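Visitor: I'd like to go over a predicted model; first the sequence, then the structure.
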Amino acid sequence: MRHAEIPQIAAVGTTDAELVQRARARDEAAIRTIMQSNNRRLYRLARGILRNDGEAEDVVQETYVRAFTHLDGFRGDRCGHHSDDPATIRNDCRASLDSCAGPVYIDYMRNGT
């Protein structure tokens, strides 16, 4: 019986810009690292709004699906400026995930699913 390989997380010191670039190339370790570094914050946001653990988990999962589906459109900038500053890129990544979470929550509440 062959066991599935478990993707590792990206090496310590990998910049957020590198993670996004690697995630665009479907690098599972980069995707896992992005998710692990944002899970707690996104879950707390969703849980604070929904007040239900299961629903919050669903919203976080859907947020990731939407974010990674549209990752090719992520430019690494906000308000029309480009930055190579790691802190700015990290904040832009978080803002992008947060901007996905809002519409997911609204859709969730409208559809009841």
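Guide: Here it is on my side, so go on. Numbers count the residues shown, from 1 in each chain.

Visitor: all helices for the protein, in order.
Guide: 16-24, 28-50, 53-69, 86-111 (DSSP state H).

Visitor: now these in a markdown table, with mean pLDDT and mean neighbour count?
Guide: Using the backbone N, CA and C atoms, a C-beta is placed for each residue, glycine as well. Output for the helices of the chain, formatted as a markdown table (pLDDT from 0 to 100; neighbours: other CB atoms under 10 Å):
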| stretch | mean pLDDT | mean neighbour count |
| --- | --- | --- |
| helix 16-24 | 87 | 18 |
| helix 28-50 | 88 | 17 |
| helix 53-69 | 86 | 17 |
| helix 86-111 | 68 | 15 |
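
Visitor: Can you tell me how far residue 103 is from residue 57?
Guide: Counting by CB to CB, to the nearest Å, the gap from residue 103 to residue 57 is 17 Å.

Visitor: what do you get for residue 64?
Guide: Distance from residue 64 to residue 57, by CB to CB: 11 Å.

Visitor: With residue 69 instead?
Guide: Taken as CB to CB, the span from residue 69 to residue 57 is 19 Å.

Visitor: Residue 43 now?
Guide: From residue 43 over to residue 57 (counting by CB to CB), the distance is 7 Å.

Visitor: Repeat that for residue 105.
Guide: 13 Å.

Visitor: Could you do residue 66 as well?
Guide: 15 Å.

Visitor: now residue 71
Guide: Going from residue 71 to residue 57 by CB to CB gives 21 Å.

Visitor: So residue 62 versus residue 31, what's the distance?
Guide: 16 Å.

Visitor: go on, residue 38?
Guide: 11 Å.

Visitor: ok, now residue 17?
Guide: 15 Å.
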